[in-house]
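# 3D, please:
(one chain, ligands or ions: 1)
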Amino acid sequence: MSEGWKDIDLANPTEEHAMLRKMVRDFVREEVEPQALEHDREEKFNLDLFRKLGEYGLLGISVSEDYGGSGMDATAVAIVNEELSYSDPGFCLAYLAHAQLMVNNLAHNGNEEQKSRILPKVCSGEWVGCMAMSEPGYGTDVLGMQTTATQNDDGDWLINGQKMWITNGSIDEQGTPADVCWLYARTGTDSKGRAEVTTFLVEKGMQGYSVGQKIYDKTGMRASNTAELVFDDCLVPAANIVGEVGDSMIHMMRNLELERIGLAAMGLGIARRSLAAMNRYASERVAFGKEIREFGQIQRHIGESWAEYRAMRAYIYDTARNTDLEKSGNRLDTDGVKLYGTTAAKNIADRAIQVLGGYGYVGEYTVERLWRDAKLLEIGGGTLESHQKNITRDLSKNPNAIED
Ligand SMILES: Cc1cc2nc3c(=O)[nH]c(=O)nc-3n(C[C@H](O)[C@H](O)[C@H](O)COP(=O)(O)OP(=O)(O)OC[C@H]3O[C@@H](n4cnc5c(N)ncnc54)[C@H](O)[C@@H]3O)c2cc1C
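As a prediction, this is how the structure comes out:
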């Protein structure tokens, strides 16, 4: 039998991964945790703290070092998201929208001019990025999108439409749009009669690009900004098309896999923090003359949470290990980890509230915030229903995935 295979820790497979985890964990303890409660209460995005992530090399975690990134892989992305979400999933969502939805997409699909001009700015934190796919009337049904782009006689593009629910769409309370927006727009109809979708890099200052409204009163993820974006005869030079006209499906498929691992890893951070909180409290709290961990019903909450936490950890890091950032091909499991890991996170946070009783229901004890944040993970980046649909479709094409 091959030597050493039992030594692999899927969550920290190399020394570099373990060092990254330690660095992020220290940063989270010192800088993220102290501000998390306040930014959730005030529904405020911490832009200064976000820019600091650039100093640590995290904003370009999966970007080649040639463009100012850290040149790491999907496992590293999962590690950062897990550690940030242990403390502040809302802040992590803003990070994910930038580093995974926009920056990673550009790094793997942009041309040389776009990469050398934009990547150093988004890797350092000088620029904040967002990704705009969803619209007021079209979310899961993405190819129904109504935002259009038409080319004028000069070769430039005029974009018209609205995008909805865009994380980092506005970077402040004054409605300043993201410095760069990775935008999907309809440019025609393909040979099968479906929307032909093209990717554009829209930059702050381009005519007709603005924030429609910042969306307030979200259930959770309140430390991230969510906005509606408006494109009103927005003028984008031809040089800002990514790839060829109609290439967006390739961009979406490649990048959604990383996004789903990233969102599932956020759930893992929520699960670990919630489990730690309920485990600690079950020893501290006494009722009827006993620590509450002596009660069978509390044991069920803790026991089930431990098993689910361990299962999601193994599945997420195994899927990250098998995911190649350069190409798509792991939809089955990236949908799988998001389907399983997000609901598991929500349920573990829910049990933590239950174990903490009344204390679990107030902000100071953190778990109610984690529960509110966890709910978004079942919606954003693909709803649970879309994952069920994709998994069932993929298994019909490849039933051997079950037996192999
Ligand atoms: C806080 C937050 C941040 C977000 N950030 C971004 C972002 O940065 N960029 C971005 O582009 N989008 C973002 N989104 C949008 C998010 O991706 C969408 O909300 C999500 O894809 C669902 O789309 P929808 O809200 O239009 O719901 P719909 O697609 O209308 O779905 C409504 C319900 O119908 C179900 N449904 C739809 N179609 C089917 C079907 N074929 N079979 C079975 N059930 C179906 C859905 O699963 C859901 O339960 C964000 C959303 C939120 C809330």
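
# please make it C-alpha for all contacts and neighbour counts, starting now.
Will do.

# average pLDDT for stretch 74-86?
In this model, stretch 74-86 has a mean pLDDT of 98.

# what's next to it, contact-wise?
The contact list for stretch 74-86, computed with CA atoms under 8 Å, 6 or more residues apart in numbering, reads 11, 17, 20-21, 24-25, 28, 32, 58, 61-62, 91-92, 96, 258, 261-263, 265-273, 316-317, 320-321, 323-325.

# does residue 70 really touch residue 56, like I thought?
No: in this structure residue 70 lies outside contact range of residue 56 using CA atoms under 8 Å: 9.3 Å.

# just to revisit the earlier point, list only those of the contacts of stretch 74-86 flagged as buried.
11, 17, 20-21, 24-25, 28, 32, 58, 61-62, 91-92, 96, 258, 261-263, 265-273, 316-317, 320-321, 323-325 (16 or more other CA atoms under 10 Å).

# how about the helices in this structure?
Ranges of helices within the chain are 15-27, 33-41, 47-55, 74-87, 89-96, 104-109, 112-124, 248-284, 296-321, 331-356, 367-377, 384-397, 400-403, based on DSSP state H.

# where's the closest residue to residue 47 other than its chain neighbours relative to the ligand, distance?
Closest residue to residue 47 apart from its sequence neighbours, by CA to CA, 6 or more residues apart in numbering: residue 171 at 7.4 Å. Relative to the ligand, residue 171 is positioned 12 Å away (CA to the nearest ligand atom, to the nearest Å).

# what's near enough to touch residue 171?
With contact set as CA under 8 Å, 6+ apart, residue 171 has these partners: 45, 47, 128, 177, 178, 225.

# repeat that for residue 132.
Contacts for residue 132 (CA under 8 Å, 6+ apart) come out as 163, 164, 166, 181, 182, 183, 184.

# same thing but 7 Å
Contacts for residue 132 (CA atoms under 7 Å, 6 or more residues apart in numbering) come out as 163, 166, 181, 182, 183, 184.

# of these, list those near the ligand.
When contact is defined as CA under 6 Å from any ligand atom, these meet the ligand at residue 166.

# in JSON lines: the contacts of residue 132, plus neighbour count and pLDDT.
JSON lines is the format used below for these (neighbours: other CA atoms under 10 Å; pLDDT from 0 to 100):
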{"residue": "163", "neighbour count": "28", "pLDDT": "98"}
{"residue": "166", "neighbour count": "24", "pLDDT": "98"}
{"residue": "181", "neighbour count": "24", "pLDDT": "98"}
{"residue": "182", "neighbour count": "24", "pLDDT": "98"}
{"residue": "183", "neighbour count": "23", "pLDDT": "98"}
{"residue": "184", "neighbour count": "27", "pLDDT": "98"}
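
# what is the nearest of the contacts of residue 132 to residue 288?
Closest approach to residue 288 among these (CA to CA): residue 166, at 49.6 Å.
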